[in-house]
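K.L.:
Okay, here's the prediction I keep looking at, along with the sequence it came from:
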Amino acid sequence: MKEPRSIGIVIPTLNEVERLPFLLDYLLSIDSAIPLEVVVVDGGSTDGSFELSKTYKEVVFIRSEKAGRSVQLNLGAARSSADILLFLHADCTPPPHFPRWMLETIRNGSDFGYFSYRFDEKKHRLLTLNEKGTGKKNLFTGGGDQGLFVKRDVFEKVGGYDDTLPIMEDFDLHKRLKKNYRYEIVDKPALVSARKYHNNGYWRVQWVNLIVFVGFKCGLSPKRLASFYQKNLSN
């Protein structure tokens, strides 16, 4: 790969008006050695997220005709012209100096990578265990909260996200990427919202996530798993 010339940050949104301004202000304040291109892809928000986003002149905003994280991520990647793509959830803030860590990882021979993460607050002591598991490669590596960054050509060669999947699109892409490409985890933690744990309880989130993860690994219907997830957890 030639020396990277830009980083494209793709953020899928759906009713994220409370979190989005903080993330965009943070990204636009980053001092980077190469240009950062921020693309927000909205899936039909009704809380004013899209209208708010349009006030940021330095950011590209797209309204997706179809809601769905995988669809929105692919749409944002196609809109970006960057050499390296970083896929972020709206409630995930990458670590300070993240462009440098990304570039170093790619220059050292990796084709894609992730960040470790920590929660923005811990009202349950066991959240620390979740954090520790993100700093090293393991069975659960590849979740969207870790901020996947990947060479554009590699992303395109594996076909991007599977936009037929309503859930587990992140782990599916990770599985396809790691077959033929090298990756590393940058142990510089991103900051992730703990809101789902606050709204649902620690053990309930763990239980639902485990069932969906195991069910997906066993080949159960992604649509059924998505329905189960949505019925049992709130954002």
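P.N.:
Received it, and whenever you're ready, just let me know what you need.

K.L.:
got the domain boundaries for this protein?
P.N.:
7-193, 198-235 (automatic domain parsing).

K.L.:
Make JSON lines out of the ones you listed and add mean neighbour count and mean pLDDT.
P.N.:
Bear in mind the C-beta positions are built from the backbone N, C-alpha and C, glycine included. Below are the domains of the chain laid out as JSON lines (neighbours: other Cβ atoms under 10 Å; pLDDT from 0 to 100):
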{"stretch": "domain 7-193", "mean neighbour count": "18", "mean pLDDT": "95"}
{"stretch": "domain 198-235", "mean neighbour count": "14", "mean pLDDT": "95"}
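
K.L.:
In three-state terms, label the residue lying closest to residue 79 once chain neighbours are set aside for me.
P.N.:
Spatial nearest neighbour of residue 79, chain neighbours left out: residue 39 (5.4 Å); criterion: Cβ to Cβ, 6 or more residues apart in numbering. Here residue 39 is recorded as strand under DSSP: H, G, I helix; E, B strand; the rest coil.

K.L.:
Could you pull out the strands in the chain for me?
P.N.:
According to DSSP state E, the chain carries its strands in the segments 7-13, 36-42, 60-63, 84-87, 92-93, 112-119, 149-151, 183-192.

K.L.:
so which of the ones you listed comes closest to residue 224?
P.N.:
Smallest distance to residue 224 across the strands of the chain (Cβ to Cβ): 22.4 Å, for strand 7-13.

K.L.:
which ones are touching the closest residue to residue 172 other than its chain neighbours?
P.N.:
In space, and not counting its chain neighbours, residue 172 is closest to residue 162: 5.5 Å by Cβ to Cβ, 6+ apart. Counting by Cβ atoms under 8 Å, 6 or more residues apart in numbering, residue 162 touches 70, 169, 172, 173.

K.L.:
wait, which of these is closest to residue 203?
P.N.:
Once Cβ to Cβ is applied, the member of these that ends up nearest residue 203 is residue 169, at 25.3 Å.

K.L.:
State the distance from the closest one to residue 114.
P.N.:
Counting by Cβ to Cβ, to the nearest Å, the gap from residue 169 to residue 114 is 15 Å.

K.L.:
Likewise for residue 37?
P.N.:
20 Å.

K.L.:
go on, residue 14?
P.N.:
23 Å.

K.L.:
cool, and residue 59?
P.N.:
In terms of Cβ to Cβ, residue 59 sits 23 Å off from residue 114.

K.L.:
ok, now which ones touch the nearest residue to residue 52 once chain neighbours are set aside?
P.N.:
Excluding its sequence neighbours, the residue lying closest to residue 52 (Cβ to Cβ, 6+ apart) is residue 17, at 5.7 Å. By Cβ under 8 Å, 6+ apart, the residues touching residue 17 are 45, 47, 48, 49, 52.

K.L.:
With only the CA atoms kept, save stretch 105-123 in CSV.
P.N.:
What follows is stretch 105-123, C-alpha atoms only, in CSV (Å, rounded to 0.1, in the frame of the first residue of the first chain):
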residue,chain,number,x,y,z
THR,A,105,-0.4,0.1,12.8
ILE,A,106,-0.9,0.1,9.1
ARG,A,107,2.7,1.1,8.4
ASN,A,108,3.9,-1.8,10.6
GLY,A,109,2.2,-4.3,8.3
SER,A,110,-1.3,-4.7,9.5
ASP,A,111,-4.3,-4.5,7.1
PHE,A,112,-6.8,-3.6,9.8
GLY,A,113,-7.1,-3.0,13.5
TYR,A,114,-9.2,-2.1,16.5
PHE,A,115,-8.8,0.0,19.7
SER,A,116,-9.4,-1.3,23.2
TYR,A,117,-12.0,0.6,25.1
ARG,A,118,-13.2,1.8,28.5
PHE,A,119,-16.6,3.0,29.6
ASP,A,120,-17.4,6.6,30.3
GLU,A,121,-18.6,5.7,33.7
LYS,A,122,-18.9,2.5,35.8
LYS,A,123,-21.9,2.1,38.0
